[in-house]
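Chemist: Fold the following.
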Amino acid sequence: MKGKEHIYKIAPYEPGKPIEEVKRELGLSDVIKMASNENPLGPSPLALQAIREHLEEISYYPDGNCTILRQKLSEKLGFPPNCFVFGSGVDEIIHFLGLAFLDEGDEALTVEPSFVRYDASALLNKAIIRKVPLKDYQYDVDALISAINERTKLLFIANPNNPTGTFIDKEGLKRLLEKAKGKLVVLDEAYVEFVEDTTFPDSLLFLREGYDIIVLRTFSKIYGLAGLRIGYGIANEETVKAIEHIREPFNVNHLAQVAAVAALDDDEHIRKTQQVVWEGKRYLYEQFKEMGLRYIPSQTNFILVDVGKDSREVFRSLLREGVIVRTGDIFGCPNFLRVTIGTEKQNERFIRALKKVLGGAL
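Modeler: Got it, this is the predicted structure:
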């Protein structure tokens, strides 16, 4: 049976290639994945221990209210418990936002390129998704402000942005929020723990000041729980209440909840991950410079790098070397690769493979 006409405007999400699939297809025994911005150190040891201790409880339904995690985050971030909403990954909350706030003919505003699930949030509800081009891979705040109109209901801002790793600074965000009063601004901060730049805005301060925003954060990246699918949003009580009306019951599984609670206590794991990513980023920058490759300076755990030729061709060649990265064509950047920053050994292996693949092009 053919589906509803408007759903075919949505491009199905194209995930990074799994390790086992590459091994099977190419007959390789040693493959590394640097494609999906996962934590190179894996999950927190405290999270793993919590999962082991709660395995026998999976015959019960999970806590539909995420009570313990909700209280933990409330204490950690200083917001009342009813200012939090939880999802099976931030993707699900983005989906909820479209259901809760967009009607047919409404407009959602974002930038291009950015995270593709913003498109789906709008289009599934017969709303219009409008995209403001980045300016030399940076946010063009003036253009964003000019694009806001009376039909704009949601603004999706990935800060830092995926796939570029760039961001809106404090001054720019302040101007945008002032113009967007009466709209809901979605600040997707999936990579916020990797930011080093001191001009990056404190979104929670803006929320405390009464701006109508929802801040989205995830346990997939810095906490290394991508396979458990858990993320959360922080907003005013009215915004959260609207989302709760359409949230599916038991949408966050039990093991994800207990792992997230434990991971919040593991400051050492966070520091180690940050150190690995920040040191790895500087190493890759140096290597790209030596190779004469342009890259976009990043505030995340990935880098967008211009390889000077069709990224799918380079991607396939890297696969044969046992290295999985992400092609840039899906983001409208056909000559770029997006590479996740890995461990020291992974980064070195990627560079060796890239040099081999590009060969005489360097």
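Chemist: Phe288 - nearest residue in space that isn't next to it in sequence?
Modeler: Tyr295 (4.7 Å; Cβ to Cβ, 6 or more residues apart in numbering). The C-beta positions use only the backbone N, C-alpha and C, and glycine is treated the same way.
Chemist: and that neighbour, backbone torsions?
Modeler: Torsion angles at Tyr295 (phi, psi; degrees, to the nearest 10) stand at phi -140, psi 160.
Chemist: ok, it - how many residues close by?
Modeler: By other Cβ atoms under 10 Å, the residues close to Tyr295 number 21.
Chemist: Quick check, Glu237 in contact with Asn82.
Modeler: Yes - judged on Cβ atoms under 8 Å, Glu237 makes contact with Asn82 at a distance of 5.4 Å.
Chemist: tell me the pLDDT at Lys17?
Modeler: At Lys17, the pLDDT value in this model is 77.
Chemist: now the one 10 residues further on
Modeler: Gly27 is assigned 92 on the pLDDT scale.
Chemist: mind checking how far it is from Met291?
Modeler: 29 Å (Cβ to Cβ, to the nearest Å).
Chemist: got a list of what Phe331 touches?
Modeler: 113, 163, 338 (Cβ atoms under 8 Å, 6 or more residues apart in numbering).
Chemist: still on that earlier bit, neighbour count for Gly27 and Met291, which is higher?
Modeler: Met291 (17 against 7).
Chemist: show me what contacts the residue nearest to Phe219 when sequence neighbours are not counted?
Modeler: With sequence-adjacent residues excluded and distances taken as Cβ to Cβ, 6+ apart, Phe219 is closest to Leu225, at 4.2 Å. By Cβ under 8 Å, 6+ apart, the residues touching Leu225 are 43, 47, 219, 256, 259-260, 263.
Chemist: Please enumerate the helices of the protein.
Modeler: All helices of the chain, identified by DSSP state H, fall at 19-26, 45-54, 67-77, 90-101, 117-123, 141-147, 170-179, 203-208, 237-244, 254-263, 267-291, 311-320, 344-358.
Chemist: same for the last one, what does it pack against?
Modeler: The contact analysis (3 or more Cβ pairs under 8 Å, 6 or more residues apart in numbering; DSSP states H and E) places helix 344-358 against strand 32-33, helix 267-291, helix 311-320, strand 323-324.
Chemist: low-confidence ranges in the chain?
Modeler: Scanning the chain with the threshold set as pLDDT under 70 gives 13-14, 360-362.
Chemist: Distance check, Ile10 against Gly3.
Modeler: Distance from Ile10 to Gly3, by Cβ to Cβ: 10 Å.
Chemist: Looking at these two, which has the bigger crowd around it?
Modeler: Ile10 (16 against 7).
Chemist: for that one, phi and psi?
Modeler: Note on Ile10: its backbone torsions stand at phi -90, psi 120 [degrees, to the nearest 10].
Chemist: Surely it is in contact with Asn125?
Modeler: No - the pair formed by Ile10 and Asn125 falls short of the contact definition of Cβ under 8 Å, at 11.2 Å.
Chemist: Just want the most central residue of this protein.
Modeler: Among the residues of the chain, the one closest to the centroid is Ala190, at 4.3 Å (Cα atoms, centre = their mean).
Chemist: Which residue comes closest to that residue once chain neighbours are left out?
Modeler: For Ala190, ignoring the flanking residues on the chain, the nearest one in space by Cβ to Cβ, 6+ apart is Thr218 at 4.7 Å.
Chemist: Name all residues that make contact with that neighbour.
Modeler: 89-90, 190, 230-232 are the contacts of Thr218 under Cβ under 8 Å, 6+ apart.
Chemist: Considering those, which is situated nearest to Phe302?
Modeler: Closest approach to Phe302 among the contacts of Thr218 (Cβ to Cβ): Ala190, at 11.0 Å.
Chemist: any idea how far Gly89 is from that closest one?
Modeler: From Ala190 to Gly89 the distance is 10 Å (Cβ to Cβ).
Chemist: if I look at the two, which residues touch both of them?
Modeler: Common neighbours of Ala190 and Gly89, using Cβ under 8 Å, 6+ apart, are 218, 220, 231.
Chemist: and which of the residues you listed is nearest Ile94?
Modeler: Scanning these for proximity to Ile94, where the rule is Cβ to Cβ, the winner is Gly231, at 9.2 Å.
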